[in-house]
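>>> let's see this in three dimensions:
(one chain, ligands or ions: 4)
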Amino acid sequence: ALITMRQLLDHAAENDYALPAFNVNNLEYIQAVMRAADATDSPVILQASRGARAYAGDAFLRHLILGAAEEYPHIPVCLHLDHGDQPSTCISAITNGFTSVMMDGSLLADGKSIASYEYNVDVTAEVVKIAHAAGVSVEGELGCLGNLETGAGEKEDGHGFEGKLTREELLTDPDQALDFVSKTGVDALAVAIGTSHGAYKFTRAPDGDILSIETIAKINKKLPNTHLVMHGSSSVPQELQDLFTTYGGEMKQTWGVPVAEIQKAIPLGVRKVNIDTDLRLAMTGTIRKNFKEKPDNFDPRTYLKPATALMTEVCKERFEAFRTAGKA
Ligand code: G3H
Ligand code: 13P
Ligand code: NA
Ligand code: ZN
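Numbers count the residues shown, from 1 in each chain. Ligands and ions are numbered 1, 2, ... in the order given. A predicted model of the protein is given here:
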């Protein structure tokens, strides 16, 4: 059986570690995460976005994940909805077997405009009420993810808003975070600290000016017992950029969130770290390499197998680095 995010994050807080939450879309992603968890004895959060649900279908997703739990009965697994855009999306996830949902009320349901604080409180509290009655955990989000170098706040499609946001607008306010958690009752809170989704997070190795671990420290002072979540936390390692570009992929040089920075955030209350881009790069880079090296091959298993193996390696590294390893 699947377990809730709350159970996993409470255990992480008691033992001061974090769980990577990997976005999954198909069989190979799920195999990669589960093989890494099995090899490192780690508990697992598998998360599906609205895009993943549309791609795979809820029935396939649910059964793939139940398959994972059956194949690895000793590994605790949570199925989490990533970035629910409105209460109805969270409710349909609950109906379809998710044991945890994110209500992201930081944007309006159109995904294009920043929501008012009151709207965010209202929709999140509504989801908490319904989810908790069903024994399901809830993650909320307060603040606008975005780039502190350019002032671009992030819309749901990953593109920036027109016009610049200030540093204040791009960092979660600690007093507001305290108010938000007490009004909504969320199990976990995603915060804005200068990270953004996708490969292009920073144009240089980030320092405190553009990646604010200090904001996490301030929030943790106000909310020492709340589980914090980092979004946009792929590290976008140079080796994965090189693998992708060596075999014809087009990507300008970029920087992600260094693993060492995430490690600093764990003693400050970060318990869930969202990772999608790194697995996308591992999968696509490996497939590109195989297409280039064996142009006569057309058996998908022969390139999906090494692609899954490289995703497994990335997952193992994160389980070790976040001290999830050994906690299953
Ligand atoms: O929040 C963004 C995640 O990386 C999921 O991306 O919506 O393209 O599946 P997606
Ligand atoms: P990345 O794009 O950095 O992998 O972030 C994923 C994420 O935050 C999903 O919610
Ligand atoms: Na946001
Ligand atoms: Zn996210």
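>>> residues near the residue of the chain found nearest ligand 4, how many?
The nearest approach of the chain to ligand 4 comes at His231, 3.4 Å away (Cβ to the ion). C-beta coordinates here come from the backbone N, C-alpha and C atoms, glycine included. Using other Cβ atoms under 10 Å, the number of residues around His231 comes to 27.
>>> now for it: which residues touch it?
For His231, the contact set (Cβ atoms under 8 Å, 6 or more residues apart in numbering) comprises Glu141, Leu145, Ala190, Thr195, His197, Asn274.
>>> so where does the fourth one fall, helix or strand?
If I follow you right, that is Thr195. Counting by DSSP states H and E, no helix or strand carries Thr195.
>>> read off the pLDDT value for Ser113.
Ser113 is assigned 91 on the pLDDT scale.
>>> correct me if wrong: it contacts Ser106.
No - contact criterion Cβ atoms under 8 Å: Ser113 and Ser106 do not qualify, at 10.5 Å.
>>> and Val191, its phi and psi?
Main-chain torsions, Val191, degrees, to the nearest 10: phi -120, psi 150.
>>> could you find the closest non-adjacent residue to it?
Nearest non-adjacent residue to Val191, counting by Cβ to Cβ, 6 or more residues apart in numbering: Thr172, 4.2 Å away.
>>> quick check, pLDDT for the one you found.
Looking at Thr172, its pLDDT reads 98.
>>> next up, the contacts around it.
So Thr172 contacts Leu142, Gly143, Val191, Ala192, Ile193, Thr215, Ile219 (Cβ under 8 Å, 6+ apart).
>>> what about 10 Å?
106, 141-145, 180, 189-193, 212, 215-216, 218-219, 228 (Cβ atoms under 10 Å, 6 or more residues apart in numbering).
>>> burial count for His80?
His80 has 27 neighbouring residues, counting by other Cβ under 10 Å.
>>> distance from the chain centre to the host helix or strand of it, please.
Following DSSP H and E, one finds His80 within strand 77-84. Taking Cα atoms, centre = their mean, to the nearest Å, one finds the center of strand 77-84 at 9 Å from the center of the full chain.
>>> restrict it to CA atoms and write it as PDB.
C-alpha atoms of strand 77-84 as PDB (Å, rounded to 0.1, in the frame of the first residue of the first chain):
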ATOM      1  CA  VAL A  77       6.100   4.900  -1.600                       C
ATOM      2  CA  CYS A  78       3.900   8.000  -1.800                       C
ATOM      3  CA  LEU A  79       2.100   9.100  -4.900                       C
ATOM      4  CA  HIS A  80       1.900  12.900  -4.900                       C
ATOM      5  CA  LEU A  81       0.200  15.400  -7.300                       C
ATOM      6  CA  ASP A  82       2.700  18.100  -8.300                       C
ATOM      7  CA  HIS A  83       1.300  21.600  -8.800                       C
ATOM      8  CA  GLY A  84      -2.500  21.100  -8.600                       C
END
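>>> okay, buried residues for it please.
Val77, Cys78, Leu79, His80, Leu81, Asp82, His83, Gly84 (16 or more other Cβ atoms under 10 Å).
>>> moving C-terminal from it, which element do we reach first?
Per DSSP H and E, the first helix or strand lying C-terminal to strand 77-84 is helix 87-95.
>>> so what touches that following helix?
By Cβ under 10 Å, 6+ apart, the residues outside helix 87-95 that reach it are 48, 50, 53, 58, 61, 79-84, 98-105, 109, 122-124, 126-131, 133-136, 138.
>>> which of the residues in it are buried?
Across helix 87-95, burial judged by 16+ other Cβ under 10 Å covers Pro87, Thr89, Cys90, Ile91, Ser92, Ala93, Ile94.
>>> what are the ranges of the helices in the stretch 101-250 of the chain?
With DSSP state H, counting those that start in this stretch as the criterion, the stretch 101-250 of the chain has helices at 117-133, 167-170, 174-184, 213-222, 238-246.
>>> now those as TSV including distance to Asp157 and mean neighbour count?
Output for the helices of the stretch 101-250 of the chain, formatted as TSV (distance: least, Cβ to Cβ, whole Å; neighbours: other Cβ atoms under 10 Å):
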stretch	distance to Asp157	mean neighbour count
helix 117-133	19	19
helix 167-170	18	15
helix 174-184	25	18
helix 213-222	25	18
helix 238-246	21	17
